[in-house]
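Novice: sequence and predicted structure below; questions after.
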Amino acid sequence: MAKILSIIAPEGFQDKEYGDSKTALLEAGHEVVTASTSIVAHGKFGSEVEVNLLIDDVSVDKYDAILFVGGPGSFEYFNDPVALKLAQDFYNAGKLTTAICAAPSILANAGLLSGRTVTCWEGEANNLKEKGANYTGKAVEKDGMIITADGPMSATAFGEAIADYFS
């Protein structure tokens, strides 16, 4: 069983990406811990989530992977020093580093996607390419310790890809 840290925005995270990826991970027997910059987070489509901890309090050594959820709220993490450092710290510790929809831009801005085969929401494709990534536009891409997905319709497959990494 792996312990996955799911990072959601305090406002405007993509509800389906969070819920479906979490469900797939739980069904595969993994633990999901949710973090944000506020104790209660609100999804783009009205869901309300009481998070387990604030991102400032994350200790990388307690988790096996990090998952950045997309949605319009995720933009606030694109240049957030704490979020970028978390992405780098997980990756540098040899831990699975993942993102869906717009959130792969967090990984790109953290300098983790150069030379990697990745996907994301089409609106962020140019940012990934500018950071040296090989953007494919596929639903889910796995490249070593990096897993990315394109959006809400791929959230279950994204969660399953993360679960498969640990099986």
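Specialist: Received it, and whenever you're ready, just let me know what you need.

Novice: next one: the residue nearest the centre of the chain from residue 43, what distance?
Specialist: Centroid-nearest residue in the chain, with CA atoms, centre = their mean: residue 68, separated by 2.0 Å. Going from residue 68 to residue 43 by CB to CB, to the nearest Å gives 15 Å. In this view, the C-beta of every residue, glycine as well, is placed from N, C-alpha and C.

Novice: residue 162 now?
Specialist: Residue 162 is 20 Å from residue 43, by CB to CB.

Novice: what about those two, which has more around it?
Specialist: When residue 162 and residue 43 are compared for neighbours, residue 162 comes out ahead with 28 against 22, by other CB atoms under 10 Å.

Novice: how about that one, what does it touch?
Specialist: Neighbouring residues of residue 162 by CB atoms under 8 Å, 6 or more residues apart in numbering: 4, 21, 24, 25, 30, 65, 67, 96, 98, 147.

Novice: hey, what's the residue nearest to the centre of the chain bridged with?
Specialist: Following DSSP bridges, residue 68 is listed with bridge partners residue 7, residue 99.

Novice: was I right to think it contacts residue 98?
Specialist: Yes - in this structure residue 68 lies within contact range of residue 98 using CB atoms under 8 Å: 7.0 Å.

Novice: can you pull out the helices in the protein?
Specialist: 15-27, 81-92, 104-109, 125-130, 155-165 (DSSP state H).

Novice: may I see those helices arranged in JSON lines, with distance to residue 117 as well?
Specialist: As requested, the helices of the chain are exported to JSON lines (distance: least, CB to CB, whole Å):
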{"stretch": "helix 15-27", "distance to residue 117": "20"}
{"stretch": "helix 81-92", "distance to residue 117": "16"}
{"stretch": "helix 104-109", "distance to residue 117": "12"}
{"stretch": "helix 125-130", "distance to residue 117": "11"}
{"stretch": "helix 155-165", "distance to residue 117": "13"}
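
Novice: return the most buried member of those helices.
Specialist: Comparing the helices of the chain by mean neighbour count (mean count of other CB atoms under 10 Å), helix 104-109 comes out on top with a mean of 27.

Novice: and that one, what does it pack against?
Specialist: Contacts defined by 3 or more CB pairs under 8 Å, 6 or more residues apart in numbering; DSSP states H and E place helix 104-109 against strand 65-68, helix 81-92, strand 96-100, helix 125-130, strand 146-149.
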